[in-house]
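> using only what follows, build the 3D model:
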Amino acid sequence: MAPEDFISPFIDLIVIGDGVVTFREIVEHFEKRERFDGIPGLAIQTVNGMVRTVSRPLLDLDAFPPPNRKLTARYRPHYYCEWMKPLASIRTSRGCPYRCNFCALWKIAEGRYLRRRPERVVEELATIEEPFVFFADDESLVDAPRMKTLARLIREARIQKRYFLYGRSDTIARNLELLEMWREIGLERVFVGLEFFRDEDLAYIKKGSTTTDNEKAAQILNELGIEIYASFILRPEFKQEDFEALRAYCHKLGLRFATFAVLTPLPGTDLYTETEDRLITRNYDLFDFNHTLLPTALPLDQFYKEFRGLYERAIPIGKQLSMLLKFPLKDIPGLMRKSRRILRRLETAYLDYGAGA
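Numbers count the residues shown, from 1 in each chain. Here you go, the predicted model:
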């Protein structure tokens with residue numbers, strides 16, 4: 001997205017866009033001691049500055065071979081997401097048809113939504129040994145007819161897994177039948193970017209969904225017994241009453257789990273272009289969704305105190321405990337200690353900016 005950020009005497013080549021084929025060609029040219037300027041999709045550093053080769057077109061996802069999971073066999077028992085362990089990942093699509101201004105994923109995919117054929121996905125699923133499977137898609141459910149076909153094929157193949165995937169709230173709100181089909185074949189969790197509790201904030205990021213969609217999606221998932229992995233965004237402009245309203249909104253939706261991220265203008269996104277002149281830091285170590293990159297309405301220390309408070313009070317204690325009991329009992333003490341360390345670190349994050357912030 002921003003190859004100029006990698007200008008360094010220690011870097012010779014910068015891959016732009018999809019690197020699967022490009023990297024293979026780099027290795028082949030290196031072995032043969034051939035020039036790299038004939039490889040599409042590169043930025044090459046020369047004594048006269050950066051030179052770009054022709055862009056590489058996006059490839060059909062079905063053109064890629066499935067990953068050879070035997071190469072990582074020794075590590076696979078340790079792959080996990082919360083209590084879902086061991087967990088395998090599969091990519092079934094790439095990109096997104098929506099245009100959220102904070103998101104780089106649709107930019108990387110050049111605005112296209114690329115999909116693998118359901119038959120190919122089922123073939124790969126049949127080779128996966130892990131009981132849990134995460135769909136590592138930018139958006140999994142948006143093509144509802146395709147996902148219905150995939151659910152039917154998984155059922156017909158008698159593949160029994162427990163699934164975790166990403167879906168937009170408006171997609172879920174419009175497709176009850178689709179969610180019912182996926183629950184029947186093992187859908188256990190859905191990552192839902194609810195983002196905000198006000199329609200004006202959703203409009204600001206060009207999300208394309210509404211708070212009504214959020215509430216309908218939460219209702220559908222709760223009634224189906226599918227866990228909601230809810231994700232919210234904090235605007236730097238938030239005041240104390242906004243944090244309180246967000247906590248109340250989480251209670252209203254009946255959530256058992258939620259994560260919170262500061263609105264982050266990632267390089268290459270529309271939001272970055274809109275806010276670049278207001279950035280309070282350009283230290284990429286702080287581009288981590290926990291540090292604000294824009295001026296806050298509250299003093300920084302107060303902003304992070306409220307931020308920490310969301311993790312402590314946005315989910316009722318009873319629901320937090322019910323979620324915690326999904327983990328093996330032997331893991332709970334360590335999880336509690338880790339959570340306390342993270343919360344302490346979050347509250348003091350304002351110190352990372354230095355005296356000039």
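> need the strands for this structure, in chain order.
Secondary structure of the chain (DSSP state E): strands at 13-15, 42-46, 49-52, 87-90, 93-95, 113-115, 132-135, 162-166, 187-195, 227-234, 258-262.
> put together CSV for those strands, with mean neighbour count and mean pLDDT on each row.
Where C-beta positions appear, they are placed from N, C-alpha and C, glycine not excepted. Formatted as CSV, the strands of the chain follow (neighbours: other CB atoms under 10 Å; pLDDT from 0 to 100):
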stretch, mean neighbour count, mean pLDDT
strand 13-15, 18, 95
strand 42-46, 17, 92
strand 49-52, 12, 90
strand 87-90, 19, 98
strand 93-95, 22, 95
strand 113-115, 19, 95
strand 132-135, 22, 98
strand 162-166, 21, 98
strand 187-195, 23, 98
strand 227-234, 22, 98
strand 258-262, 18, 98
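> in CSV, list those along with distance to L150.
Shown next, in CSV, are these (distance: least, CB to CB, whole Å):
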stretch, distance to L150
strand 13-15, 31
strand 42-46, 35
strand 49-52, 38
strand 87-90, 11
strand 93-95, 10
strand 113-115, 10
strand 132-135, 10
strand 162-166, 11
strand 187-195, 11
strand 227-234, 20
strand 258-262, 27
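> quick check: which of the ones you listed is nearest to E25?
Taking CB to CB, strand 42-46 is the member of those nearest to E25, at 9.1 Å.
> tell me what that closest one is packed against?
strand 13-15, strand 49-52 (3 or more CB pairs under 8 Å, 6 or more residues apart in numbering; DSSP states H and E).
> take those and write them to CSV, including distance to R344.
Putting the helices and strands packed on strand 42-46 into CSV (distance: least, CB to CB, whole Å) gives the following:
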stretch, distance to R344
strand 13-15, 38
strand 49-52, 42
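> for L179, which of the ones you listed is the nearest?
L179 lies closest to strand 13-15 among these, at 37.4 Å (CB to CB).
> in its sheet, what does that closest one sit against?
Using DSSP bridges, the strands paired with strand 13-15 in its sheet are strand 42-46 (antiparallel).
> the most centrally placed residue in the chain and L61, how far apart?
What sits nearest the mean C-alpha location of the chain, by CA atoms, centre = their mean, is D138, with 6.9 Å. As judged by CB to CB, to the nearest Å, D138 and L61 stand 12 Å apart.
> please enumerate the shared neighbours of the two.
Both D138 and L61 are contacted by S93, R94, under the criterion CB atoms under 8 Å, 6 or more residues apart in numbering.
> residues of stretch 323-341 that come out buried?
Within stretch 323-341, the residues that qualify as buried are M323, L324, counting by 16 or more other CB atoms under 10 Å.
> what's the mean pLDDT across it?
For stretch 323-341, mean pLDDT rounds to 93.
> how far is that stretch from where the chain is centred?
Distance, stretch centre to chain centre, for stretch 323-341: 23 Å (CA atoms, centre = their mean, to the nearest Å).
> over to stretch 119-129?
Distance of stretch 119-129 from its chain centroid, counting by CA atoms, centre = their mean, is 23 Å.
> residue contacts, the residue nearest to the centre of the chain?
Shown in contact with D138 (CB under 8 Å, 6+ apart): S93, R94, G95, C96, L105, W106, A109, Y166.
> that older thread, out of the helices and strands packed on strand 42-46, which comes closest to L194?
It is, among those and with distance given as CB to CB, strand 13-15, at 33.6 Å.
> can you name the residues in contact with the closest one?
For strand 13-15, contacts defined as CB under 8 Å, 6+ apart pick out P3, F6, T22, F23, I26, F36, G41, L42, A43, I44, Q45, M50.
> for D201, find the nearest of the helices and strands packed on strand 42-46.
D201 lies closest, by CB to CB, to one member of those: strand 13-15, at 35.1 Å.
> now the two most distant members of the contacts of D138.
Across the contacts of D138, the longest distance by CB to CB is 14.5 Å; it joins A109 and Y166.
> give me the domain ranges for the protein.
Domains of the chain are assigned by automatic domain parsing as 3-52, 61-353.
> and among these, the most buried is which?
Of the domains of the chain, the one with the most neighbours on average (mean count of other CB atoms under 10 Å) is domain 61-353, at a mean of 17.
> can you measure across that domain, start residue to end residue?
Domain 61-353 has its terminal residues 41 Å apart, counting by CA to CA, to the nearest Å.
> circling back: and the domains of the chain, which one averages the lowest pLDDT?
Comparing mean pLDDT across those, the weakest is domain 3-52, with a mean of 92.
> how far does that one sit from the chain's center?
The chain centre lies 27 Å from the centre of domain 3-52; the measure is CA atoms, centre = their mean.
> now do stretch 58-69
21 Å.
> would you mind measuring the gap between the ends of that stretch?
Across stretch 58-69, first to last residue, CA to CA, it's 24 Å.
> thank you kindly, that will do.
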